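Visitor: output the structure for:
(4 chains)
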2 protein chains.
Amino acid sequence: MTNLITTFSALADETRFYLVEQLMTQGELPAGDLVAQRPISGPAVSRHLKILRQAGVVQQRIDGTRRLYSVRPESLKAISDWTIEKRAFWQAGLDRLETLLDEEQNT
Amino acid sequence: MTNLITTFSALADETRFYLVEQLMTQGELPAGDLVAQRPISGPAVSRHLKILRQAGVVQQRIDGTRRLYSVRPESLKAISDWTIEKRAFWQAGLDRLETLLDEEQNT
DNA sequence: GCAATATTTAACAAATATGTTAAATACAAG
DNA sequence: CTTGTATTTAACATATTTGTTAAATATTGC
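Guide: Numbers count the residues shown, from 1 in each chain, chains lettered A, B, ... in the order given. Just a heads-up that it's a prediction; the model follows:
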């Protein structure tokens, strides 16, 4: 529960969200490559990566002097699971909305 | 895209996450009822509700002097859609993890 | 060991977020 | 139209976040 909030916090920042999307599409990448794709300094990216790591969204692997980052799939699954858990609620709501819109068209 | 970040921001706070969960399980509720369930002041809750509304997570309906809040299902669906869009990535990752763990058991 | 490279930590400034209490607003009821 | 109730806005203090530059740390290759 509280863990989900931490995950949302981690993704609630443009830079971090972008880093995560990059890592998902490009796979494991060294910190330096991630820095190169963002308009902020290395230390800033480094701190964002630390926040993502502490939230369990990414993991780090050491290779010589480089730090290779990748997304932990479990974190994405946790979000997915939550939306599924609440699905009964929002699915019903959307269906009701759709019905209303359909009825409007038949006017 | 940027809209998702706003949604995550809205849910990245204990109070707001709790408010949203309350509204999902209990349905539409007046601001006062929500205040009663939280250990913070009315104005604080009011401002959180405003943030949720600006992020499109909740909507407000006026009934006399009361403001009735409810969750907008579209916001939940947006999150769900994102996890589905990235599913190929994290599902594969989890399967690989599971395989690794299975192999470990057979050692 | 020494220089070069990759990355993080430290120190600090500026912006943002969050909570509080007091005041404002809006409607309802007598 | 005055009082009471529900809620939001204003003003303000404090804490957290985010970015910057400078320094520290660790590893590689001569």
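Visitor: A:Gly42: neighbouring residues, count only.
Guide: By other CB atoms under 10 Å in any protein chain shown, the residues close to A:Gly42 number 13. (Each C-beta comes from the backbone N, C-alpha and C, glycine too.)
Visitor: and the gap between it and DNA strand D?
Guide: The gap separating A:Gly42 from DNA strand D is 7 Å, by CB to the nearest atom of the strand, to the nearest Å.
Visitor: for the nearest residue to that residue once chain neighbours are set aside, pull up the helix or strand it's in.
Guide: Once flanking residues are discounted, A:Gly42 sits nearest to A:Val35: 4.8 Å by CB to CB, 6 or more residues apart in numbering or on different chains. Per DSSP states H and E, A:Val35 falls inside helix A:31-36.
Visitor: what's in contact with that helix?
Guide: Identification of contacts with helix A:31-36 by CB atoms under 8 Å, 6 or more residues apart in numbering or on different chains yields A:19, A:22-23, A:41-42, A:45-46, A:49, A:66-67, A:69.
Visitor: run the last query once more with 10 Å
Guide: A:15, A:18-19, A:22-23, A:26, A:29-30, A:41-46, A:48-49, A:60, A:65-69 (CB atoms under 10 Å, 6 or more residues apart in numbering or on different chains).
Visitor: and that helix with DNA strand D, contact?
Guide: No - in terms of CB under 7 Å from any atom of the strand, no part of helix A:31-36 sits within range of DNA strand D; the closest distance is 9.8 Å.
Visitor: check contacts around A:Lys86.
Guide: A:Lys86 touches B:20-21, B:24-25, B:71, B:73, B:76, B:79-80, counting by CB under 10 Å, 6+ apart.
Visitor: perfect, that will be all.
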